[in-house]
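Trainee: Sequence plus the predicted model coming up.
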Amino acid sequence: MGPRRPIRPMTPIQPLCTSPAWCVKFKTMEVAFCQTISFNADTFEYDAVAQENGNATIIKFPIDEKKFSPGDVVVVVSNDEVNFHGIIGKIEDGYAFASDPKGSLLPAGVQ
């Protein structure tokens, strides 16, 4: 057996190991992009999952799972002020969970 060959991005099929009995073949492909979703604070509906000092630091809100994904940025604005600026950490059952642990101005109370 020769030395392992490094796996190079976007190459067709590369072996994961050098042992033919355990070799797994795969295609290397990496896609990295995110988008920003903006909401108006006056009409934005969310549930506060976590809060600090009366402001929601983690929110849960309905989202289209086919259009958005974890890693996308969420911005909630009121006039010229940013009330929430966070990142979607996960999406479950049509709801996104986003966090803004430091600068959230969204109230944690009932919307």
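Mentor: Structure received. Values in this document were obtained by computation on a predicted structure and should not be read as measured data.
Trainee: mind checking the longest strand of this structure?
Mentor: The longest strand of the chain (DSSP state E) is strand 81-92.
Trainee: so who does residue 34 touch?
Mentor: 69, 71-73 (CB atoms under 8 Å, 6 or more residues apart in numbering). C-betas here are computed from N, CA, C, even on glycine.
Trainee: again but with residue 51, I slipped
Mentor: Residue 51 neighbours (CB under 8 Å, 6+ apart): 57, 108.
Trainee: Which pLDDT value does the model give it?
Mentor: Looking at residue 51, its pLDDT is 93.
Trainee: how about it, secondary structure?
Mentor: strand (DSSP: H, G, I helix; E, B strand; the rest coil).
Trainee: Is it bridged to anything, and to what?
Mentor: Counting by DSSP bridges, residue 51 is bridged to residue 56.
Trainee: Residue 90 versus that one, what's the distance?
Mentor: Computed as CB to CB, to the nearest Å, the residue 51 to residue 90 distance reads 19 Å.
Trainee: go on, residue 97?
Mentor: On the measure of CB to CB, residue 97 and residue 90 end up 5 Å apart.
Trainee: Same check on residue 33?
Mentor: Counting by CB to CB, the gap from residue 33 to residue 90 is 18 Å.
Trainee: These two - which one has more neighbours?
Mentor: Neighbours per residue (other CB atoms under 10 Å) separate residue 33 from residue 90, with residue 90 holding more: 11 against 7.
Trainee: low-confidence ranges in the chain?
Mentor: 1-32, 110-111 (pLDDT under 70).
Trainee: all helices of it, in order?
Mentor: In the chain, no helices are found when defined by DSSP state H.
Trainee: Can you show me the strands along it?
Mentor: 13-15, 25-27, 36-40, 47-52, 55-62, 73-78, 81-92, 95-99.
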